[in-house]
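S.K.: Whatever this is, show me its structure:
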Amino acid sequence: MPKITFVELNGERKECDVACGLSLMEGAIQNGIDGILAICGGSCACSTCHSYIDDAWVEKVGPANDIEDSTLELALERKPSSRLTCQVEVTEALEGLVVHIAQNDS
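M.R.: Prediction:
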């Protein structure tokens, strides 16, 4: 089970075990990470699970697909490292990933 570090808005870092096959959003919710609202339940429709992939990991995580890219237009303070956590599947290759939670007002 890969360890993923979520950095909450207050700067608190939480290292969590997240099962392969889950999305980052599901892993964040299961581990009580603040700031992941996930209003649409992971259907890539609302951007309330918006986060920033740490710069060292952007290439390994890969880019958003067209649907996610379009949904990210709804996100506050979009950056080149922005991703919707509902769209990033956890794999062993993401061991050590650092994810910075974005401001996700509903």
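S.K.: Please give me every residue in contact with the residue nearest to the spatial centre of the chain.
M.R.: Relative to the mean C-alpha position of the chain, the nearest C-alpha, by CA atoms, centre = their mean, is the one of T85, at 2.9 Å. With contact set as CB atoms under 8 Å, 6 or more residues apart in numbering, T85 has these partners: S23, L24, M25, A28, I36, C49, H50, S51, V99. (C-beta placed from N, C-alpha, C; glycine too.)
S.K.: For the fourth one, which residues are in contact?
M.R.: Applying CB under 8 Å, 6+ apart, we find A28 in contact with F6, C16, I36, C49, T85, V99, I101.
S.K.: Ok, the second one next?
M.R.: With contact taken as CB under 8 Å, 6+ apart, L24 is in contact with I4, V18, C49, S51, R83, T85, C86, V88, V90, V99.
S.K.: top of the contacts of A28 by neighbour count?
M.R.: Within those, most neighbours by other CB atoms under 10 Å means C49, with 30 neighbours.
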